[in-house]
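J.: Sharing a model that was predicted from the sequence below.
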Amino acid sequence: MVVIDGVSDRPVNGKTPLSSAKTPNLDKLAEMGINGIMDTVSPGIRPGSDTSHLALLGYDPFKYYTGRGPIEAAGVGIELKPGDVAFRVNFATVKGEGTIFDKIVVDRRAGRIEDTSDLIKAIEDELDLPVKFILKKGTGHRAALVLRGDNLSHEVTDTDPKKVGRKVKTCKAKNKEALETAEIVNVFTQKTHEILEEHPLNQVRVAEGKPKANALLLRGAGGFTKIKSFEEKYGLKLAVVSATALIRGVCRLVGGEVIDVEGATGNVHTNIGNKIKAAIEALDHYDVVLLHFKATDELGHDKNFEGKTKFIEKLDSYFKEILNLDFSKICLIITADHSTPVSVGDHTADPVPVTIVHDGVRVDDVKKFSEFEVYKGGLCRISGRDLLRIALDLINKAKKFGA
Ligand code: ZN
Ligand code: ZN
């Protein structure tokens, strides 16, 4: 399953990046396969990349998604237990007088700090909370926090104001049961600020003219949900090739394996050839391999029509490799997790294109992989949650319902 993040669009002067890009290989695949459009989560629901990937793997996001925190935690390798509360964390820079809640966020990424291990170590050594906490670094300025103890609740608000120039927010309980958790989050936020503010590494950063990494901003609180592993659910082994923490997290959450690839960056500079090679090699050891490309979504967020078009063309040039797969053995899906129109700069619920190539599928008349063509194909309009089921049927692996 190749997921080109946010590849589909809305037309600008009648054209989209995908429809105007020269994509001979994708077009050939569309010609060889059966095509359609897909609502990854539900019609009219604007999906996040996390909820949509859960759906693409056959999990109902309305049931299994409680927030981004648990996925971030899974992404850095923390296994959640019942009662845990998980958050996404940013190392950030705050300035001002008073408590942390009087201070202004001046950099949400603390100058894109690379190594936070010493800072995390200091917090682990010095911070005393009424509950157990696990703080683990992600890539760059990112980290995940898990609170573990009795009577915790994930019904609490973010401390991250999400914009520079604003004060750090006080964590608030969304209901009575969450009052204690909100209080713990506020203590955590203040005390970690004190520890970080005085940390020698921050003195060094100041001397080097870099912003201090002196605050931890929390968001996306979520709790544990019991989720059947991919293998339990389908009897199939899952692997993911993606450099994006969120997608790696979704994969780990359902018990899949994450494959690291040299040169995979999750942006336009990613090593496309290496990722495709790794995904094809993974087919020797796994039943389902999800190959994810992120840059198309970023360029959509940047409202960069031309950049998005060019990256699609670049991606396509590497798809020759995919064209030569043995489709008597392999069932290929090419799709997206949501649309990220350049005219909007964010995710929309516009359905995404989907192409399935496998020997014996009902090949349709579609000859171009674009928003304006694939909907004419034989798959018509499907739901993301049905995608794997449809593919399993096409390879004769679906269970019979009834006699
Ligand atoms: Zn996405
Ligand atoms: Zn996005």
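T.: Arrived safely. Numbering: from 1, shown residues only. Ligands and ions are numbered 1, 2, ... in the order given.
J.: Can you give me the distance of the residue of the stretch 201-350 of the chain found nearest ligand 1 to residue 207?
T.: In the stretch 201-350 of the chain, the residue that lies nearest ligand 1 is residue 337 (4.2 Å; CB to the ion). For glycine as for every other residue, the C-beta is placed from the backbone atoms N, C-alpha and C. With the distance defined as CB to CB, to the nearest Å, residue 337 ends up 43 Å from residue 207.
J.: Please say which of these two ends up with more neighbours.
T.: residue 337 (31 against 8; other CB atoms under 10 Å).
J.: sec struct for the more buried one, please.
T.: coil (DSSP: H, G, I helix; E, B strand; the rest coil).
J.: Once you drop chain neighbours, what's closest to it?
T.: Spatial nearest neighbour of residue 337, excluding adjacent residues (CB to CB, 6 or more residues apart in numbering): residue 52 at 3.9 Å.
J.: I'd assumed residue 42 was in contact with that neighbour.
T.: No - counting by CB atoms under 8 Å, residue 52 stays clear of residue 42, with 10.5 Å between them.
J.: Just want to know which of those two has more residues nearby.
T.: residue 52 (27 against 15).
J.: so what pLDDT did the residue nearest to residue 312 when sequence neighbours are not counted get?
T.: Excluding its sequence neighbours, the residue lying closest to residue 312 (CB to CB, 6+ apart) is residue 21, at 4.1 Å. pLDDT, residue 21: 98.
J.: Same question for the one 4 residues further on.
T.: Predicted confidence (pLDDT) for residue 25: 98.
J.: Could you list the domains of this protein?
T.: 2-64+227-394, 74-223 (automatic domain parsing).
J.: For these, could you give me a markdown table that also reports distance to residue 402?
T.: Shown next, in a markdown table, are the domains of the chain (distance: least, CB to CB, whole Å):
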| stretch | distance to residue 402 |
| --- | --- |
| domain 2-64+227-394 | 14 |
| domain 74-223 | 36 |
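J.: Quick check: which of those domains is buried the most?
T.: The highest mean neighbour count among the domains of the chain, using mean count of other CB atoms under 10 Å, belongs to domain 2-64+227-394: a mean of 20.
J.: If I look at residue 34, what pLDDT would I see?
T.: Residue 34 is given a pLDDT of 98.
J.: send the alpha carbons of stretch 293-309 over as PDB?
T.: The C-alpha trace of stretch 293-309 is given here as PDB (Å, rounded to 0.1, in the frame of the first residue of the first chain):
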ATOM      1  CA  PHE A 293       5.600   9.600   1.400                       C
ATOM      2  CA  LYS A 294       5.100  12.900   3.300                       C
ATOM      3  CA  ALA A 295       6.300  15.800   1.100                       C
ATOM      4  CA  THR A 296       3.200  16.100  -1.000                       C
ATOM      5  CA  ASP A 297       1.200  17.000   2.200                       C
ATOM      6  CA  GLU A 298       3.800  19.500   3.400                       C
ATOM      7  CA  LEU A 299       3.800  21.300   0.000                       C
ATOM      8  CA  GLY A 300       0.000  21.400   0.200                       C
ATOM      9  CA  HIS A 301       0.200  23.000   3.600                       C
ATOM     10  CA  ASP A 302       2.700  25.500   2.100                       C
ATOM     11  CA  LYS A 303       0.200  26.200  -0.700                       C
ATOM     12  CA  ASN A 304       3.000  25.400  -3.200                       C
ATOM     13  CA  PHE A 305       1.300  24.300  -6.400                       C
ATOM     14  CA  GLU A 306       4.400  24.100  -8.400                       C
ATOM     15  CA  GLY A 307       6.500  22.400  -5.700                       C
ATOM     16  CA  LYS A 308       3.800  19.800  -5.200                       C
ATOM     17  CA  THR A 309       3.500  19.100  -8.900                       C
END
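J.: average pLDDT for that stretch?
T.: Mean predicted confidence for stretch 293-309 is 96.
J.: For it, give me every contacting residue.
T.: If you take CB atoms under 8 Å, 6 or more residues apart in numbering as the criterion, stretch 293-309 is touched by 2-7, 9, 12, 17-18, 20-21, 49, 242-244, 247, 266-268, 270, 272, 275, 311-312, 315, 336, 339-343, 345-347.
J.: Any idea how many residues pack against residue 399?
T.: Neighbours of residue 399 (other CB under 10 Å): 8.
J.: in the stretch 1-150 of the chain, which spans are helices?
T.: With helices called from DSSP state H, counting those that start in this stretch, the stretch 1-150 of the chain shows them at 17-20, 24-32, 49-56, 61-64, 68-75, 117-126.
J.: As a check, name the ranges of all strands in the stretch 51-200 of the chain.
T.: 85-95, 104-107, 132-137, 142-148 (DSSP state E, counting those that start in this stretch).
J.: which helices and strands does the first one pack with?
T.: So that's strand 85-95. Under the contact criterion of 3 or more CB pairs under 8 Å, 6 or more residues apart in numbering; DSSP states H and E, strand 85-95 touches helix 68-75, strand 104-107, strand 142-148, helix 179-197, strand 215-223.
J.: Identify the residues contacting residue 211.
T.: 93, 106, 107, 110, 111, 205.
J.: So residue 370 is in contact with residue 18, correct?
T.: Yes - using CB under 8 Å, residue 370 is in contact with residue 18, at 5.1 Å.
J.: shared neighbours, the two?
T.: Shared contacts of residue 370 and residue 18, defined by CB under 8 Å, 6+ apart, comprise residue 353.
J.: related to what we said a few turns ago, what's the closest of the helices of the stretch 1-150 of the chain to residue 155?
T.: helix 68-75 (12.3 Å; CB to CB).
J.: hang on, the earlier thing: roughly how far does the residue nearest to residue 312 sit from ligand 1?
T.: 18 Å (CB to the ion, to the nearest Å).
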